[in-house]
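In: Could you look at this predicted model? Sequence included:
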Amino acid sequence: MRKQKKKALTNVMPDTAQRYCLWHILSKLPVKFKEIVDYNRAALQFKILIYKSVMIQEFETKLGEFLVTHGLQNKE
């Protein structure tokens, strides 16, 4: 069903970019950060990174630093 929805949305709204919502991203943290010893601290740092980043380049730079700090740079 996902492919059908994407195709329909692309046909109806061709200039629309699809993004994950913040709720979806944050709901995945326990799975994505399961290998981090101090999960609560890392989750808080990640939320601060999301909420305090204003520019895309700033977010991408800080995200890269976050991933390296927590050994997640080679994870999906």
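Out: Yep, that arrived.

In: When you work out contacts or count neighbours from here on, use the C-alpha atoms and nothing else.
Out: Fine.

In: Name the spans of the protein whose pLDDT lies under the cut-off.
Out: Within the chain, the ranges that satisfy pLDDT under 70 run 1, 76.

In: show me where it has strands.
Out: Using DSSP state E, the chain contains no strands.

In: what residue is smack in the middle of it?
Out: Among the residues of the chain, the one closest to the centroid is residue 25, at 5.1 Å (C-alpha atoms, centre = their mean).

In: and the gap between that residue and residue 74?
Out: Here residue 25 is placed at a distance of 18 Å from residue 74 (C-alpha to C-alpha, to the nearest Å).

In: follow-up on the earlier one: measure the residue nearest to the centre of the chain to residue 4 for me?
Out: Look at residue 25 and residue 4: by C-alpha to C-alpha, they are 23 Å apart.

In: do the same with residue 58
Out: 35 Å.

In: quick one: which of the two has more around it?
Out: More neighbours surround residue 58 than the other of residue 58 and residue 4, with 12 against 9 (other C-alpha atoms under 10 Å).

In: That one: what's it in contact with?
Out: Applying C-alpha atoms under 8 Å, 6 or more residues apart in numbering to residue 58 gives no contacts.
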